[in-house]
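K.L.:
structure of the sequence below:
(chains A, B and C)
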Amino acid sequence: MSADKAIVDTATVEKIARLARIRLAEERKEPIAQDLNRILSWIEELNEVDTDGVEPLASVTGHSLPLRKDEITDGDVQGKVLANAPEEASGFFVVPKVVE
Amino acid sequence: MSNLIQGRTGEWEVVIGMEVHAQVSSQSKLFSGAPTQFGADPNQNVSLVDAAMPGMLPVINEECVKQAIRTGLGLNAKINCYSVFDRKNYFYADLPQGYQISQFKYPIVGEGAIVIDLKDGSSVEIGVERLHLEQDAGKSMHDQHPSKSYIDLNRSGVALMEIVSKPDLRSAEQAGAYMKKVRSIVRYLGTCDGNMEEGSMRADVNVSVRRPGEELGTRTETKNLNSVRFIMAAIDYEVQRQIELIEDGGEITQETRLFDTNTGATRAMRGKEDAHDYRYFPDPDLLPLEFSQSLVDELAAELPELPDQIRERMVGEYGLSSYDAAVLTEERETAAFYEAAAKDQDKKLVANWMSVELFGALNKAGKSLADSPVSPAQLGGLVALISDGTISGRIAKDVFADMFETGRDAADIIEEKGLKQVSDTGAIEALIDQVLADNQDKVDEYRGGKDKLFGFFVGQTMKLSKGQANPAMVNDLLKSKLG
Amino acid sequence: MSNLLDLTALQARQGLEKGDFTSVELTNAYLAAAQETKGLNNYVAMTEARALEMAAASDAKYAAGNAGALEGLPIGVKDLFATNGVPTTACSAILKNFVPQYESTVTSNLWADGGVMLGKLNCDEFAMGSANETSVFGPAVNPYSAVGGADLAAGGSSGGSASSVAARSSIMATGTDTGGSIRQPAAFCGIVGMKPTYGRCSRWGVVAFASSLDQAGPFTRDVDDSALMFKSMASADPKDSTSAHQPLPDIDGAMAAGVKGMKIGIPSEYQMDGMDETIIKLWQDGQAWLKDAGAELVEISLPHTKYALPVYYIIAPAEASSNLARYDGVRYGNRIEEGGSLDDMYEITRAAGFGDEVQRRILIGTYALSAGYYDAYYLKAQKVRRLIRNDFDEAFKQVDAILTPATPSAAFPLGVKQADPVTMYLNDVFTVPANLAGIPGMSVPAGVNGDGLPLGLQILSGAFAEDKMYAVAKQIEQSAGFSEVPSRMAGGAS
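P.N.:
Numbers count the residues shown, from 1 in each chain, chains lettered A, B, ... in the order given. All right, here's what the predicted structure looks like:
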């Protein structure tokens, strides 16, 4: 990885901010790029560790996925679902028009 | 059979891969206890989990896992006893979590294959790449308000099986046949109701064209096709568009397209200009899904007979033509109807009566098999009366028409109308004698060597008997009398 | 009634049982204490009416002779736990005015055992921070002050919880710990903070930061109270797929049995350059206390310790970037509709709703998961995480528990801007490994530094072996005889 050591520029910041749906003011892009670079170069330390043949650890629990029975135990709580809606109409959530 | 398409500048080969999304038949959703039922009020079949309220967590539905395994077995595919749920991250108004829980690297079902049958009688094996479980999104409605979209989350979190084919399909016809076959398999298994109008099944098609034998061309993906007809139309349109574009010196853009059901055209989707970067990673709210091979074996043992197996039996044991067998097994209900009607009867005769007379009548009346006024037992009863010589095939058609109209048993109709076949030698001889006497000139001609007139005498005799004379006996007795 | 505030939870429970005072009296004392210490900015919402209602119900339970384990004890709740009908904001602008229609499993357990809810406690926004400075409500303040009187950080992310228990505006409080968010503030505020084994406390109804690391736990004044509250918070929850189903060990029995004959690991990797001398000294004292009490000290090695922070700062932001995608202004929370399109709404809502640190972590997490970098960052981090877990597995084959310092420093002043985010992240150096490995960890106040600020020692044990951790914690508590009280305490002397 050190060969293609990541350097985050403002274009990259724009790209990931777009993926994350966070609008950044122009003047924040450069400082954020610097922050990310500092964090990433610190994270580069991990390259010292030999992880060949190491199984990634995604979960520390010792058990496998519990299964639930196929029963209707929920739903019919329209009031609770919509209670905090910023905008609703006739039981629907409402958002600015989406163009496909 | 060649599937090549003739373009202006030469021949083109079409390469198609399909992703079929099939809604799992289950009471409740994949990761919540809310109902899956279609047609509820907006946001009624929604739990706080489906609405992605802060701190809500997914718990998987056991039945959805079993349904995926059953479907995998029906696709002759490898079942993976270890699979992982990943998050597919993207923003959309009807995707409450901001990610879809899906399976990316380790799907529950691996490679398989199914055979599709084509009109010309040939069959092709189509590879299945994988099947994975995932959540459905909610529904956005764009036509309720000029500047707003309305969001209903009733479908949010419903379990889907995404069945991904290998790029083995070579024509719209094959794609249509593949879709029908997959639909037939899941319906036999009871793992999806296959109801395409309600959106229980839909397909994305990846289409590209290339010169025969050359590298794969750039493909487009046309999304959300919800009928076999639309699948075929979208492919036809896309193939034509791509060939024309390339032949005019253009290049195909890899893109997502939508099919317009009104115009039959496809168009590039707007607002998706970003390169997709779904940032898949294992969902930390879930653990790897693990089950034992014995569960798979158990489910395999309980699996119902599938269309291919039934067909094999129909051709091998019953002696049906492969065409008849294909027609009778396309739908689970059809096969079940046939099996019930043909029990202890002449299998071929029942097949014939079902595919010609019953389907013809249903078609004419605009009815489905489920609404058939003639029950399987009644159809079997009619065939039994033909087989034992009680009525002739000719009379049987009239009897059937009556049955279809009134829903009565064949035996009752025959009895009431006195349609029983005449097999009494003396009675038939009397009829023949009258016919011969009335047509002395024809008898002379026949005896003079005009053999063709034999059919005339048969016809006249049958007519005189109002169709009730046993045709085989009429034949025999005429032969001896005219000798 | 300031004498009521002096009681630990267990003592108060006994007083209530005997009828020395009522829960309503006790609750009123705490509500008054919260008013008195308002300047510490611990509570972001008070629920007086509900508290008094619950207290009255508890008094009825005592009268009827069917009081629960926490009956009538006034508890503060970190604002990360969903509380039915009470605003739950994760101290973020994006959840301003969000009122959940459900109650988290952990708080449900507390109320089922008779706990009385005082209100919601301040924390870092979405639990991201080490000083409670990222809260939209402003920082919680440490009731201990610097020499000269400057405000000190209560720590983070559960700063409000730690500060409140230390300042006696709650008898106990819930916290959550993703990388040290219970243990570090507990150490800063001179109280006991415990992060259980991953899976012990249900995550259902707790606003998620990093799902594979988040774990709720108790803040209390002493080790006995910690055990009492932990037993109530923990449960096997069918609504949380990662919930553990192992029965709790006999914690009280283990504390009574003591540390005699136990093997205590001392990891050489926890000796950091530039660490405060008084912390090194305290760590040595802790070892001596345990040895004196009959435990055997064993030098151990946890060779991948130094990689824990980089691993954490990939995994936690990656999970957070996805967990926080649901805050989009569509179904709840603060929406800003400008520009017309749905994407405009998303981008402006999220830019205005999330603070700088949360945005930074979402962006770093998005980057780490994005195409082309997944293997180099996320997958690599998961592999090193396995090695860190293996280190502990090896260690716990030799020892029953591990003793380390809780933090590399005592509480630092508020408002000191960190130019480099990494410097702030280093606060979690001793606490993060337990989250990555999923093992329990506990911070116990054991001494003070030269400025009279509290310092904590951390005890770690193997997964599901909280009994051993508590046995060691109890011994440390007894030997240390920590008796400092903060200057800004309700009913306090100053």
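
K.L.:
drop to CA atoms for contacts and neighbour counts, all remaining ones
P.N.:
OK.

K.L.:
pull the residues that contact the helix or strand hosting B:Ala472.
P.N.:
Assigned by DSSP states H and E, B:Ala472 belongs to helix B:471-482. Applying C-alpha atoms under 8 Å, 6 or more residues apart in numbering or on different chains, the contact partners of helix B:471-482 are B:Ser392, B:Ser423, B:Thr425, B:Ile428, B:Glu429, B:Ile432, B:Val443, B:Arg447, B:Phe457, B:Val458, B:Thr461, B:Met462.

K.L.:
what residues of that helix count as buried?
P.N.:
For helix B:471-482, a neighbour-count test (16 or more other C-alpha atoms under 10 Å in any protein chain shown) marks B:Pro471, B:Met473, B:Val474, B:Leu477, B:Leu478 as buried.

K.L.:
same thing with stretch B:209-219?
P.N.:
In stretch B:209-219, counting by 16+ other C-alpha under 10 Å, buried: B:Val209, B:Arg210, B:Gly217, B:Thr218, B:Arg219.

K.L.:
name the nearest residue to the first one, sequence neighbours excluded.
P.N.:
Okay, so that is B:Val209. In space, and not counting its chain neighbours, B:Val209 is closest to B:Val14: 4.6 Å by C-alpha to C-alpha, 6 or more residues apart in numbering or on different chains.

K.L.:
ok, which stretches of the chain are strands?
P.N.:
Answering for chain A, as no chain was given. For chain A, the strands defined by DSSP state E cover A:67-68, A:88-89, A:92-96.

K.L.:
right idea, wrong chain: chain C
P.N.:
C:43-46, C:74-78, C:116-121, C:141-145, C:151-153, C:172-177, C:192-195, C:215-220, C:263-267, C:296-300, C:401-405, C:441-448, C:454-461.

K.L.:
return the residues of the stretch 201-350 of chain C in contact with chain A.
P.N.:
C:212, C:241-242, C:244, C:307, C:310-311, C:313-314, C:321, C:325, C:329-335, C:337, C:340-343, C:345-350 (C-alpha under 8 Å from any C-alpha of the partner chain).

K.L.:
same for chain B: which of these are within range?
P.N.:
Applying C-alpha under 8 Å from any C-alpha to these, those adjacent to chain B are C:Ser212, C:Ser241, C:Thr242, C:Ala325, C:Val330, C:Arg331, C:Leu342.

K.L.:
now the two most distant members of those.
P.N.:
The most widely separated members of these, counting by C-alpha to C-alpha, are C:Thr242 and C:Leu342 (34.2 Å).

K.L.:
what's the mean pLDDT across the helix holding B:Ala472?
P.N.:
For helix B:471-482, mean pLDDT is 87.

K.L.:
what pLDDT does the spatially most central residue of chain A get?
P.N.:
Centroid-nearest residue in chain A: A:Ala20, 6.8 Å away (criterion: C-alpha atoms, centre = their mean). The model reports A:Ala20 with a pLDDT of 97.

K.L.:
just to revisit the earlier point, from the chain's centroid, how far away is the helix holding B:Ala472?
P.N.:
How far helix B:471-482 lies from its chain's middle: 47 Å, per C-alpha atoms, centre = their mean, to the nearest Å.

K.L.:
with just CA atoms, put it into CSV.
P.N.:
Only the C-alpha atoms of helix B:471-482 are listed here, as CSV (Å, rounded to 0.1, in the frame of the first residue of the first chain):
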residue,chain,number,x,y,z
PRO,B,471,-67.6,-45.8,-35.4
ALA,B,472,-65.3,-48.9,-35.2
MET,B,473,-68.3,-51.2,-35.5
VAL,B,474,-69.8,-49.1,-38.4
ASN,B,475,-66.5,-49.5,-40.2
ASP,B,476,-66.3,-53.3,-39.7
LEU,B,477,-70.0,-53.9,-40.6
LEU,B,478,-69.9,-51.7,-43.7
LYS,B,479,-66.8,-53.5,-44.9
SER,B,480,-68.4,-56.9,-44.7
LYS,B,481,-71.7,-55.7,-46.2
LEU,B,482,-70.0,-54.0,-49.2
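
K.L.:
and the spatially closest residue to B:Tyr92 that is not a sequence neighbour, what is it in contact with?
P.N.:
Spatially, and ignoring its direct neighbours in sequence, B:Tyr92 is nearest to B:Gly98 (7.0 Å; C-alpha to C-alpha, 6+ apart). Listed by C-alpha under 8 Å, 6+ apart, the contact set of B:Gly98 reads B:Asn89, B:Tyr90, B:Phe91, B:Tyr92, C:Ser322, C:Ala325, C:Arg326.

K.L.:
please tell me how far the second one sits from B:Glu162.
P.N.:
If I follow you right, that is B:Tyr90. Applying C-alpha to C-alpha, to the nearest Å, the value for B:Tyr90 to B:Glu162 is 18 Å.

K.L.:
how many other residues sit next to the closest residue in space to A:Ala58 that isn't next to it in sequence?
P.N.:
Leaving aside its chain neighbours, A:Ala58 sits nearest to C:Gln382 (6.3 Å; criterion: C-alpha to C-alpha, 6+ apart). A total of 24 residues lie near C:Gln382 under the criterion other C-alpha atoms under 10 Å in any protein chain shown.

K.L.:
got the phi/psi numbers for the residue of chain B found nearest chain A?
P.N.:
In chain B, the residue that lies nearest chain A is B:Lys148 (4.0 Å; C-alpha to the nearest C-alpha). With angles defined as degrees, to the nearest 10, B:Lys148 shows backbone torsions of phi -130, psi 150.

K.L.:
picking that back up, and the strands of chain C: which comes nearest B:Gly407?
P.N.:
Here strand C:215-220 is closest among the strands of chain C (C-alpha to C-alpha), at 68.2 Å.

K.L.:
off-centre distance for the closest one?
P.N.:
Using C-alpha atoms, centre = their mean, the offset of strand C:215-220 from its chain centre is 5 Å.

K.L.:
which neighbouring elements make contact with that strand?
P.N.:
helix C:159-167, strand C:172-177, strand C:192-195, helix C:223-233 (3 or more C-alpha pairs under 8 Å, 6 or more residues apart in numbering or on different chains; DSSP states H and E).

K.L.:
could you give the average pLDDT over the last one?
P.N.:
This points to helix C:223-233. Rounded mean pLDDT across helix C:223-233 is 98.

K.L.:
leaving out the residues flanking it, which one is nearest to residue 46?
P.N.:
By default, I'm working from chain A. C:Tyr307 (6.4 Å).

K.L.:
other chain: chain C
P.N.:
C:Gly119 (4.1 Å).

K.L.:
many thanks, we can stop here.
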